[in-house]
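Participant: Give me coordinates for this.
(chains A, B, C and D)
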2 protein chains.
Amino acid sequence: MSADESRQETEPSPRRPRADSARNRERLIEAARAVFAKEGAEASLEEIARSAQVGIGTLYRHFPSRLDLLEAVYRREVGQLAEAAPRLLAERPPFEALREWMRLSIDYLAAKRVIAPALAASAGAPQIYATSGGLITGAMTQLVERAVERGEIRSDVDAGDLLRAMVGLSYGYTEPGWEASARRLVDILMDGLRPQDG
Amino acid sequence: MSADESRQETEPSPRRPRADSARNRERLIEAARAVFAKEGAEASLEEIARSAQVGIGTLYRHFPSRLDLLEAVYRREVGQLAEAAPRLLAERPPFEALREWMRLSIDYLAAKRVIAPALAASAGAPQIYATSGGLITGAMTQLVERAVERGEIRSDVDAGDLLRAMVGLSYGYTEPGWEASARRLVDILMDGLRPQDG
DNA sequence: TTTAATATGGAGGCAGCCTCCGTTTTGCAA
DNA sequence: TTGCAAAACGGAGGCTGCCTCCATATTAAA
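Facilitator: This is a model prediction of the structure:
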């Protein structure tokens, strides 16, 4: 056993991943990005495979479900959204940080009008958010907890509620007056979040 | 006007509608109600036709699009929702009437978990609501206007905003904690709707 | 080089969408 | 009643998409 070299760790991973595999994976993600952008989350997976010049079988091996592919396409950007939370918290009071983050998120979800439907279709928030390491949930939790601690918002809400609201409000994407309306709704929601006297 | 056979307007309508047509229409609506309830708004139209013991062609002739069928199934109930608005307004102050109506609507949309997805899939509220004679829009408008007149809610919202929020909040249907969450969110939204001092 | 592990890709089976059109039913006029 | 044309029926057929399976090709390592 002279050639026991680079045993990094974990179990025996004897082989380097194959080059064609990595290449096709990239092609697929790139093609998916384009096709999803054009046709929405319901786009045909076969079209994506064709457009990546790859067999449909290859697509399914790399991404067993549509959601896996969606996640691969949007993982990075969703991560950025999550990272915005601590930054906002550092810059301003928790209440304003939360408001701003909700705006950011809603704008983003609306722009990539692919994600909200996917979330919805998968029966609520879990899938993409959870699969992406609970990043979004974590961000929201951070924001809400801080604001509650400081007494800037009422304590009878949790991150889950607001996440639900966020996805819901992101939903009307295609309509014309959408953005202004969503912005008003976020403000109303935030006002409602203030500690109530009565 | 008891038996006004006169041609109100438009062209001559010489024939009585055929009996089989009416019969099949009913069968289809009934079958659709059952199948949609069981499988959701994405249910197979061919299954509905089969279950109504009617050819697929007949289904399509009566209801050219899935949305037409959905609308036929839910038209009556959506109407009832609309009728609740004036009743609530007669019973209690506008603010409470609005809150109660939103709760009713959300509960209803959640129960018939078929409608919200359909609304969403058709890119926002218009379709079913609009086609059902703008009933829902009308109801919401009535409630909001009254509350604004009385100074019970802020004046920088319109019925469209709240409708959007309503549909959005109805969206998480399948999740476990859904109902409680939606209820909290309605309360928060309502608190946010109070005239703001700042 | 050789070879075994790994990846490929598309055929094939299934299901749903929707249209088209030959057949059947039905309302109405005679 | 009967005859008939308008109206309605219904399902075959063409198309597309989903997903699986496996014979073939590629590749990392020996």
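
Participant: Can you tell me the SS state at A:Arg15?
Facilitator: Following DSSP: H, G, I helix; E, B strand; the rest coil, the label given to A:Arg15 is coil.

Participant: measure the residue nearest the centre of chain A to A:Ala43 for me?
Facilitator: For chain A, A:Val78 is the residue whose C-alpha lies nearest the centre (C-alpha atoms, centre = their mean; 3.9 Å). To A:Ala43, A:Val78 is 19 Å away according to C-beta to C-beta, to the nearest Å. The C-beta positions use only the backbone N, C-alpha and C, and glycine is treated the same way.

Participant: So A:Ala82 is in contact with A:Gln142, correct?
Facilitator: No: the pair A:Ala82 and A:Gln142 does not pass the contact test of C-beta atoms under 8 Å, sitting 9.2 Å apart.

Participant: helices or strands up against the longest helix that chain A contains?
Facilitator: With secondary structure taken from DSSP state H, chain A has its longest helix at helix A:66-91. Contacts defined by 3 or more C-beta pairs under 8 Å, 6 or more residues apart in numbering or on different chains; DSSP states H and E place helix A:66-91 against helix A:19-39, helix A:45-51, helix A:94-111, helix A:115-121, helix A:126-131, helix A:135-149.

Participant: Of those, which stretch is the most buried?
Facilitator: helix A:115-121 (a mean of 22; mean count of other C-beta atoms under 10 Å in any protein chain shown).

Participant: what mean pLDDT does that one have?
Facilitator: Averaged across helix A:115-121, pLDDT comes to 63.

Participant: which residues touch stretch A:139-153?
Facilitator: Applying C-beta atoms under 8 Å, 6 or more residues apart in numbering or on different chains, the contact partners of stretch A:139-153 are A:81-86, A:88-89, A:93-95, A:97-98, A:101, A:154-155, A:157-159, A:162-163, A:166, A:193-195.

Participant: thought A:Thr137 was touching A:Leu162?
Facilitator: No: look at A:Thr137 against A:Leu162 with C-beta under 8 Å: they stay out of range, at 10.5 Å.

Participant: about what we covered before: return a PyMOL selection command for the buried portion of the contacts of stretch A:139-153.
Facilitator: Buried subset of the contacts of stretch A:139-153, written as a PyMOL selection, criterion 16 or more other C-beta atoms under 10 Å in any protein chain shown:
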select buried, chain A and resi 81+82+84+85+88+89+94+95+97+98+101+154+157+158+159+162+163+166+193+194
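
Participant: Got the phi and psi for A:Gly151?
Facilitator: Main-chain dihedrals, A:Gly151, degrees, to the nearest 10: phi 70, psi 20.

Participant: Near DNA strand D, which residues of chain A are found?
Facilitator: A:3, A:14-16, A:18-20, A:44-47, A:56-57, A:60, A:64-66 (C-beta under 7 Å from any atom of the strand).

Participant: let's see it at 6 Å
Facilitator: Residues of chain A found near DNA strand D (C-beta under 6 Å from any atom of the strand) are A:3, A:14-16, A:18-20, A:44-47, A:56-57, A:60, A:66.

Participant: now, among those residues, which is nearest to chain B?
Facilitator: Set against chain B, the nearest of the residues of chain A next to DNA strand D by C-beta to the nearest C-beta is A:Arg66 (14.1 Å).

Participant: ok, and does stretch A:98-107 reach over to chain B?
Facilitator: No: in terms of C-beta under 8 Å from any C-beta of the partner chain, no part of stretch A:98-107 sits within range of chain B; the closest distance is 10.3 Å.

Participant: ok, now stretch A:32-47?
Facilitator: No: figure legend: stretch A:32-47 not in contact with chain B (C-beta under 8 Å from any C-beta); closest approach 9.2 Å.

Participant: gap between the two ends of that stretch?
Facilitator: End-to-end distance of stretch A:32-47 (C-alpha to C-alpha, to the nearest Å): 9 Å.

Participant: So, low pLDDT: which residues of chain A?
Facilitator: Of all residues in chain A, those with pLDDT under 70 make up the ranges A:1-14, A:116-133, A:172-176, A:198.
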